[in-house]
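> Give me the fold of what follows.
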Amino acid sequence: QQKQAEFADCIRKLGALPRDAFGDSRKDMGSKQLMAEIDHCHKELQKLGHVNKKALDQFANFNEQRERLLERQAELDEAEESIRALIDHLDTKKDEA
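Sure thing, here's the model as predicted:
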(Lines give C-alpha, C1' and ligand atoms only; values in the text may rest on other atoms or scores of the structure.)
Protein backbone atom coordinates (compact mmCIF):
# COMPACT_ATOMS: atom_id res chain seq x y z
CA GLN A 1 0.00 0.00 0.00
CA GLN A 2 2.91 2.32 0.64
CA LYS A 3 4.11 1.68 -2.93
CA GLN A 4 0.61 2.39 -4.24
CA ALA A 5 0.52 5.70 -2.39
CA GLU A 6 4.00 6.52 -3.70
CA PHE A 7 2.98 5.74 -7.29
CA ALA A 8 -0.28 7.68 -6.93
CA ASP A 9 1.75 10.68 -5.74
CA CYS A 10 4.09 10.35 -8.73
CA ILE A 11 1.11 10.21 -11.09
CA ARG A 12 -0.35 13.36 -9.52
CA LYS A 13 2.96 15.14 -10.05
CA LEU A 14 2.88 14.25 -13.75
CA GLY A 15 -0.21 16.37 -14.30
CA ALA A 16 -2.47 15.65 -17.28
CA LEU A 17 -2.11 12.15 -18.69
CA PRO A 18 -3.30 10.72 -21.99
CA ARG A 19 -6.48 8.65 -21.97
CA ASP A 20 -4.68 5.41 -22.76
CA ALA A 21 -2.69 5.74 -19.54
CA PHE A 22 -5.68 4.33 -17.67
CA GLY A 23 -6.45 1.50 -20.12
CA ASP A 24 -6.59 -2.21 -19.32
CA SER A 25 -3.41 -3.00 -21.24
CA ARG A 26 -1.35 -3.46 -18.07
CA LYS A 27 -3.83 -5.29 -15.87
CA ASP A 28 -2.52 -8.71 -16.90
CA MET A 29 1.12 -7.85 -16.20
CA GLY A 30 2.88 -9.18 -13.17
CA SER A 31 4.45 -6.92 -10.59
CA LYS A 32 7.98 -7.58 -11.93
CA GLN A 33 6.91 -6.62 -15.43
CA LEU A 34 5.22 -3.49 -14.12
CA MET A 35 8.27 -2.50 -12.12
CA ALA A 36 10.47 -3.04 -15.19
CA GLU A 37 8.15 -0.85 -17.26
CA ILE A 38 8.13 1.82 -14.55
CA ASP A 39 11.93 1.78 -14.47
CA HIS A 40 12.05 2.05 -18.25
CA CYS A 41 9.61 4.99 -18.23
CA HIS A 42 11.57 6.67 -15.46
CA LYS A 43 14.79 6.40 -17.50
CA GLU A 44 13.05 7.79 -20.57
CA LEU A 45 11.72 10.72 -18.52
CA GLN A 46 15.20 11.46 -17.20
CA LYS A 47 16.47 11.70 -20.78
CA LEU A 48 14.04 14.53 -21.42
CA GLY A 49 15.62 16.71 -18.79
CA HIS A 50 13.68 19.70 -17.59
CA VAL A 51 10.34 19.66 -19.38
CA ASN A 52 7.37 21.80 -18.47
CA LYS A 53 4.99 19.08 -17.32
CA LYS A 54 2.14 21.54 -16.98
CA ALA A 55 2.43 22.77 -20.56
CA LEU A 56 -0.66 20.86 -21.68
CA ASP A 57 -2.77 22.41 -18.92
CA GLN A 58 -1.35 25.84 -19.72
CA PHE A 59 -2.06 25.34 -23.41
CA ALA A 60 -5.70 24.44 -22.68
CA ASN A 61 -6.07 27.45 -20.37
CA PHE A 62 -4.52 29.80 -22.92
CA ASN A 63 -6.80 28.45 -25.64
CA GLU A 64 -9.86 29.06 -23.48
CA GLN A 65 -8.66 32.55 -22.65
CA ARG A 66 -7.99 33.22 -26.35
CA GLU A 67 -11.52 32.14 -27.26
CA ARG A 68 -13.00 34.43 -24.61
CA LEU A 69 -10.86 37.33 -25.85
CA LEU A 70 -11.88 36.72 -29.46
CA GLU A 71 -15.54 36.72 -28.43
CA ARG A 72 -14.99 39.95 -26.51
CA GLN A 73 -13.23 41.49 -29.50
CA ALA A 74 -16.19 40.61 -31.73
CA GLU A 75 -18.54 42.25 -29.22
CA LEU A 76 -16.39 45.36 -29.08
CA ASP A 77 -16.15 45.56 -32.87
CA GLU A 78 -19.92 45.32 -33.07
CA ALA A 79 -20.31 48.04 -30.43
CA GLU A 80 -17.83 50.27 -32.27
CA GLU A 81 -19.77 49.87 -35.50
CA SER A 82 -23.00 50.76 -33.71
CA ILE A 83 -21.43 53.85 -32.12
CA ARG A 84 -20.01 55.01 -35.45
CA ALA A 85 -23.44 54.60 -37.05
CA LEU A 86 -25.00 56.65 -34.25
CA ILE A 87 -22.37 59.38 -34.69
CA ASP A 88 -23.00 59.47 -38.44
CA HIS A 89 -26.74 59.68 -37.84
CA LEU A 90 -26.34 62.51 -35.32
CA ASP A 91 -23.98 64.39 -37.67
CA THR A 92 -26.54 64.09 -40.44
CA LYS A 93 -29.31 65.38 -38.14
CA LYS A 94 -27.08 68.27 -37.04
CA ASP A 95 -26.33 69.23 -40.64
CA GLU A 96 -30.03 69.16 -41.51
CA ALA A 97 -30.90 71.47 -38.62
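
> what's the model's confidence in the longest helix along the chain, averaged?
Counting by DSSP state H, the longest helix found in the chain is helix 55-96. The pLDDT scores in helix 55-96 average 94.

> just checking, what packs against that helix?
Of the remaining helices and strands, none touches helix 55-96 by 3 or more C-beta pairs under 8 Å, 6 or more residues apart in numbering; DSSP states H and E. Every C-beta, even on glycine, is put in place using the N, C-alpha and C of the backbone.

> Without its sequence neighbours, what residue ends up closest to residue 52?
In this structure, residue 52 finds its nearest non-sequential neighbour in residue 58, 7.5 Å apart by C-beta to C-beta, 6 or more residues apart in numbering.

> Neighbours of that neighbour, how many?
Residue 58: 11 surrounding residues under other C-beta atoms under 10 Å.

> again with residue 59
Based on other C-beta under 10 Å, the number of other residues close to residue 59 is 12.

> what's the answer for the one 5 residues further on, then?
Using other C-beta under 10 Å, residue 64 has 10 other residues around it.
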